[in-house]
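Participant: Next input, structure requested:
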Amino acid sequence: MIELRRPLVVAFGLTVLILALLTACDLAASTPQATAPASATAEALAATAVTAAASVAPVASVAPTPTVEPTPAVPQGGALTIRLAADVPELKPWDLRSRGEEHVADLIYNGLTELDAQLQPQPDLAQDWTTSAGGRLITFTLRSNLVWHDGEPLTSADVAWTLNMLRTITATNALLADLQSTIAYAGAPLPETVVVSLTRPYAPLLAELAVPILPRHRLADRTPEQIAALNFWDEPVGSGPFKLDRRQPDQSIAFVRNNAYFGGVPNLDQVALVIAPDPAVAATALQKQQLLVAEFPQTTAALSATVEPAPLQRGAYPENGWYGLAFNTRPERIFADQRLREALARAVDVEALVQTVTNGAGLPITTILSRASGMYPADLGIRPPDPDAARRLLDEAGWTLGANGVRQKAGRPLSSRIWVRGDDARRVAAAQRIAEAAGAIGMQLEVVPANFNTVILPKLAPPYDFDLLLGSWINAPNSQSFPTNRFYDPDNWALFHSANVWGGQGDARTGLRNVTGFANGDYDSAADAARRAYAPAERKQAIQSAQTVLARELPYLLLWTDQVGVVINERVASEDGPLPLYTPRYLWNVEQWYLQP
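Facilitator: Next up is the predicted model:
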């Protein structure tokens, strides 16, 4: 819930800021000038047209040909105001470290591809693409008549230069590391043709090629080190549906529509990102219709009923991360036996646990794939708890109940520890609930809250000294651990493939993510197939096969993902239909948004 505490002074300041911002934005998208109301702007445009016509000398021998402008299908003009919880002081298009940077990238940049509302790669600058039989060559055909915000043509040379440049700068994040290990070379044999040569077949690249393409003519005279150090607010030229108008640090970032946008002239005149760190201030601005779009943590995602609200659309999207209990499945560990993992999973009421420890804000999960993804396996539902089935599994595995209520096998008690970082009350509470459920089936688990840096983190590295560890993962291909969704892909090969299991002493690899030591041939085959498959239907089948194996073998007892609440004024609409507020990519078609009267 958003608690409306009515911080009047701050709210008044935000009101003044928004009014000043909307007054100052340049709707003509050329030189900064004051913005008139929509009706006045229309009158000014009409007057300009009359003046221009009057300045042309008439030609008596030629009758004038009347022209009729098509009537727009939806209302035109207006400003969309979007809340940012924090400013964007630095911009690096390949390193999106905050939600604000994601919004900026969506407004001013394009990639070869873009992710749609279902997080699936779609054509962006590319009109289409083909892959070679071996999957190591992808040929992209660009759209015709692409231009940069400064009017210069955008060609395949810009695309090839960008991709090759990203191969040369220091890999400060996972996205760059992946691009550098996957792309052997990018070429531009024709103005509208880009050829990308790969080191191996790699279908996740289609999502990563949503990385913004940059203007070669403005950057090519700089060294890779200079480009890596550049704050792109100093070179904010893209090809997206909106252009930067002005930026006021810690206050706002304003954009005007790009009339030369290849996807059609946007319906909105302008978009303004308004910095409003205080959720209560943002909520008040939403109610007064000064802000039209805002995101909130799920714990503050709805307006208080104590204040008459504006007409609002509400939704929530899953964060690109998750919480779960990791089982160490290595042969020498007690939970190497899948029956013990399944027994604990069957004993735990996951839905009740998540409801309690997250106060209803968490979303229970059975797969780490985003529910917003078109690849999500809808048939993998949450199983209800079944303690009797759990007991039968332990009986089958040879663990018999002792007089003290703890099962034993060959003189060894069925007991272990759950390691959990002690500074997160939700994780500690979840671990305690799991331990209680385990006790009911004769499994003795001790919850050990511990310091993350000194205790937990070392256990996530060789020799992986744990049986059970309750933690979280975020998918953050950037340098600041922000779970961006611009490059989302359902590939989880790094977490579960046997190639990423530490091989013991002598294996010098670092950063291995398969911390559970999970190794399963069925999963490996499906995950490898998913990486080779570029066709969406074929890839979906392989990904869902991999998820089925994980749900059966349980390297993790998956618990929940957090959600982000989205609140949008009901005046905001899209030519594509209802706004997809279930996805982090709801702005993906912002050029089709409009404001209803």
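Participant: I'd like to know how many residues surround Ala184.
Facilitator: Using other CB atoms under 10 Å, Ala184 has 13 neighbouring residues. The C-beta positions use only the backbone N, C-alpha and C, and glycine is treated the same way.
Participant: part of a strand, is it?
Facilitator: Yes. The assignment for Ala184 (DSSP: H, G, I helix; E, B strand; the rest coil) places it in a strand.
Participant: could you check the distance from it over to Leu205?
Facilitator: Going from Ala184 to Leu205 by CB to CB, to the nearest Å gives 12 Å.
Participant: Report the set of residues contacting both of the two.
Facilitator: Leu198 (CB atoms under 8 Å, 6 or more residues apart in numbering).
Participant: Low-confidence regions, the protein specifically.
Facilitator: 1-71, 299-309 (pLDDT under 70).
Participant: can I see the domain layout of it?
Facilitator: The chain is divided into the following domains under automatic domain parsing: 1-40+69-108+240-318+564-597, 110-234, 321-561.
Participant: just checking, Glu570 touches Pro311?
Facilitator: Yes. The pair Glu570 / Pro311 is scored as a contact, 3.9 Å apart, by CB atoms under 8 Å.
Participant: Which residue of the two possesses the greater neighbour count?
Facilitator: Legend: neighbour count by other CB under 10 Å for Glu570 and Pro311, higher for Glu570 (13 against 8).
Participant: Who are the contact partners of that one?
Facilitator: Ala310, Pro311, Leu312, Gln313, Gln596.
Participant: Quick one: classify the first one as helix, strand or coil.
Facilitator: Each residue gets one of three states, and Ala310 gets coil by three-state DSSP.
Participant: Surely it touches Asn569?
Facilitator: Yes. Ala310 lies in contact with Asn569 (CB under 8 Å); the separation is 6.1 Å.
Participant: that older thread, which among the contacts of Glu570 gets closest to Gln541?
Facilitator: Gln313 (34.4 Å; CB to CB).
Participant: So what's the residue count around Leu557?
Facilitator: Based on other CB under 10 Å, the number of other residues close to Leu557 is 19.
Participant: I meant Asp116, not that one.
Facilitator: Neighbourhood size, Asp116 [other CB under 10 Å]: 15.
Participant: my guess is it meets Ala207, correct?
Facilitator: No. Counting by CB under 8 Å, Ala207 is not a contact partner of Asp116; they are 11.0 Å apart.
Participant: what does stretch 404-411 contact?
Facilitator: So stretch 404-411 is contacted by 394, 397-402, 413-415, 439, 442-444 (CB under 8 Å, 6+ apart).
Participant: again, but for stretch 112-131
Facilitator: 110-111, 137-143, 146, 154, 159, 194, 206-207, 209-210, 213, 239, 262, 370, 372-375, 485-488, 490, 534, 536, 580, 583, 585-586, 588-589.
Participant: In helices only, show me these.
Facilitator: Secondary structure defined by DSSP state H assigns Val159, Leu206, Ala207, Pro536 of the contacts of stretch 112-131 to helices.
Participant: residues in contact with the second one?
Facilitator: When contacts are counted by CB under 8 Å, 6+ apart, Leu206 is found next to Thr113, Pro121, Tyr534.
Participant: Kindly report the same for the last one.
Facilitator: For Pro536, the contacting residues are Gln120, Gly374, by CB under 8 Å, 6+ apart.
Participant: hmm, try it at 10 Å
Facilitator: Gln120, Pro121, Ala203, Leu206, Gly374, Met375 (CB atoms under 10 Å, 6 or more residues apart in numbering).
Participant: Ok, Ile382 next?
Facilitator: Neighbours of Ile382 in contact, by CB under 10 Å, 6+ apart: Asp349, Val350, Glu351, Val354, Pro364, Ile365, Thr366, Leu558.
Participant: Quick check: chain neighbours aside, which residue is closest to it?
Facilitator: Pro364 (5.3 Å; CB to CB, 6 or more residues apart in numbering).
Participant: likewise Leu154?
Facilitator: Nearest-residue entry for Leu154: Leu146, 3.9 Å, with adjacent residues in sequence omitted and distances by CB to CB, 6+ apart.
Participant: just checking, the one you found touches Pro153?
Facilitator: Yes. Leu146 is within contact range of Pro153, at 6.9 Å (criterion: CB atoms under 10 Å).
Participant: The two: who's more crowded?
Facilitator: Taking neighbours as other CB under 10 Å, Leu146 and Pro153 compare with Leu146 leading, 21 against 12.
Participant: and Asn259, how many neighbours?
Facilitator: With other CB under 10 Å as criterion, Asn259 counts 12.
Participant: pretty sure it contacts Pro266?
Facilitator: Yes. The criterion here is CB under 10 Å, and Asn259 meets it with Pro266 at 8.6 Å.
Participant: The residue nearest to Ile382 contacts Glu351, correct?
Facilitator: Yes. Pro364 is within contact range of Glu351, at 5.1 Å (criterion: CB under 10 Å).
Participant: what touches both of the two?
Facilitator: By CB under 10 Å, 6+ apart, the residues touching both Pro364 and Glu351 are Ile382, Trp560.
Participant: Looking at those two, which one has more neighbours?
Facilitator: Pro364 (18 against 15).
Participant: what pairs with the more buried one across the strands?
Facilitator: Trp560 (DSSP bridges).
Participant: residues in contact with Ala184?
Facilitator: Per CB under 10 Å, 6+ apart, neighbours of Ala184: Arg136, Leu137, Arg167, Val196, Ser197, Leu198, Thr199, Arg200.
Participant: In terms of helices and strands, where is the fifth one?
Facilitator: Taking DSSP states H and E as the definition, one finds Ser197 inside strand 193-198.
Participant: Note down every partner strand of that strand and its orientation.
Facilitator: Take DSSP bridges as the rule and strand 193-198 pairs in its sheet with strand 137-142 (antiparallel), strand 183-190 (antiparallel).
Participant: and these as TSV, adding distance to Ala527?
Facilitator: Shown next, in TSV, are the strands paired with strand 193-198 (distance: least, CB to CB, whole Å):
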stretch	distance to Ala527
strand 137-142	21
strand 183-190	21
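Participant: Compare those and give me the one nearest Ala228.
Facilitator: For these, the distance to Ala228 is smallest for strand 183-190, at 17.2 Å, taking CB to CB.
Participant: Identify each of the helices in the stretch 351-500 of the chain and give its residue range.
Facilitator: 387-396, 425-439, 457-459, 493-496 (DSSP state H, counting those that start in this stretch).
Participant: Mind putting the ones you listed into JSON lines with distance to Trp419 and mean neighbour count?
Facilitator: Below are the helices of the stretch 351-500 of the chain laid out as JSON lines (distance: least, CB to CB, whole Å; neighbours: other CB atoms under 10 Å):
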{"stretch": "helix 387-396", "distance to Trp419": "22", "mean neighbour count": "17"}
{"stretch": "helix 425-439", "distance to Trp419": "8", "mean neighbour count": "20"}
{"stretch": "helix 457-459", "distance to Trp419": "6", "mean neighbour count": "14"}
{"stretch": "helix 493-496", "distance to Trp419": "18", "mean neighbour count": "19"}
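Participant: Can I get those in a markdown table including distance to Arg513?
Facilitator: Formatted as a markdown table, the helices of the stretch 351-500 of the chain follow (distance: least, CB to CB, whole Å):
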| stretch | distance to Arg513 |
| --- | --- |
| helix 387-396 | 28 |
| helix 425-439 | 19 |
| helix 457-459 | 14 |
| helix 493-496 | 5 |
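Participant: Between these, which one is closest to Leu176.
Facilitator: Within the helices of the stretch 351-500 of the chain, the stretch nearest Leu176 is helix 493-496; the backing value is 15.7 Å (CB to CB).
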